[in-house]
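Student: Here is the input, now give the coordinates:
(chains A and B)
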There are 2 protein chains.
Amino acid sequence: MTYTVQIKVMPLKDLLDPQGKAVMGGLQNLGLNNVSDVRIGKHIDLQVDAADKEAALAAGQEAAKKLLANPVMETFDVTIS
Amino acid sequence: MTYTVQIKVMPLKDLLDPQGKAVMGGLQNLGLNNVSDVRIGKHIDLQVDAADKEAALAAGQEAAKKLLANPVMETFDVTIS
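Tutor: Predicted structure coming up:
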């Protein structure tokens, strides 16, 4: 069966996120002054052929660990919808 | 109250996603041959000060529409966790 594995890769909380800061400036210029923080990461959808949900989740974890996330700067979160 | 609004911005299904194709090649080189498709988008976390959940969601929708997503190439999805 084919599972859709969703991987969310975000910059670590303690690190500066210059892209997020730039977007926050843009939102304030547009008049959205109630936004106090913005952080920007990646969202990756994988179509995984696997026998069951656990195997698909394991493939997603492996993909995130080996290729998609840099553990020095990012955290990741793998889910199946 | 401060709400965390999550915005997922993904390339439209009908469009090519060259970044996703490159990642799929990388995953296959790593031996993850059970991945049949990869699509890569953005994930944005906003901290929004709002009176209630609906107002926070509306602010997120407005931010996505006006600044974060390009409707010609991308779809977006706003949720509150």
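Student: following the longest strand anywhere in chain A, which helix or strand shows up next?
Tutor: Identified as the longest strand of chain A according to DSSP state E is strand A:35-49. Next in sequence after strand A:35-49, counting helices and strands by DSSP states H and E, comes helix A:53-63.
Student: List the buried residues of that next one.
Tutor: A:56, A:57, A:59, A:60, A:62, A:63 (16 or more other C-beta atoms under 10 Å in any protein chain shown). Bear in mind the C-beta positions are built from the backbone N, C-alpha and C, glycine included.
Student: again, but for stretch A:27-44
Tutor: Buried, per 16+ other C-beta under 10 Å, within stretch A:27-44: A:27, A:32, A:34, A:35, A:38, A:39, A:40, A:41, A:42, A:43, A:44.
Student: What strands flank the longest strand of chain A, and is each parallel or antiparallel?
Tutor: strand A:2-11 (antiparallel), strand B:35-49 (antiparallel) (DSSP bridges).
Student: Mind checking these for the one nearest to residue A:81?
Tutor: strand A:2-11 (5.8 Å; C-beta to C-beta).
Student: How far away from the center of its chain is that closest one?
Tutor: On the basis of C-alpha atoms, centre = their mean, to the nearest Å, strand A:2-11 sits 7 Å off its chain's mean C-alpha point.
Student: Also stretch A:74-81?
Tutor: 7 Å.
Student: Could you measure from residue A:2 over to residue B:80?
Tutor: Residue A:2 sits at a distance of 29 Å from residue B:80 (criterion: C-beta to C-beta, to the nearest Å).
Student: For the two, indicate the residue with more neighbours.
Tutor: Using other C-beta atoms under 10 Å in any protein chain shown as the criterion, residue A:2 and residue B:80 rank with residue B:80 on top: 15 against 11.
Student: pretty sure that one is touching residue B:57, no?
Tutor: Yes. Residue B:80 is in contact with residue B:57 according to C-beta atoms under 8 Å; the separation is 5.8 Å.
Student: check which helix or strand covers the spatially most distant residue from the centre of chain A.
Tutor: Distance to the chain centre peaks in chain A at residue A:31, reaching 26.9 Å (criterion: C-alpha atoms, centre = their mean). Using DSSP H and E, residue A:31 sits in no helix or strand.
Student: Same check on residue A:23?
Tutor: Here residue A:23 is assigned to helix A:18-29, by DSSP H and E.
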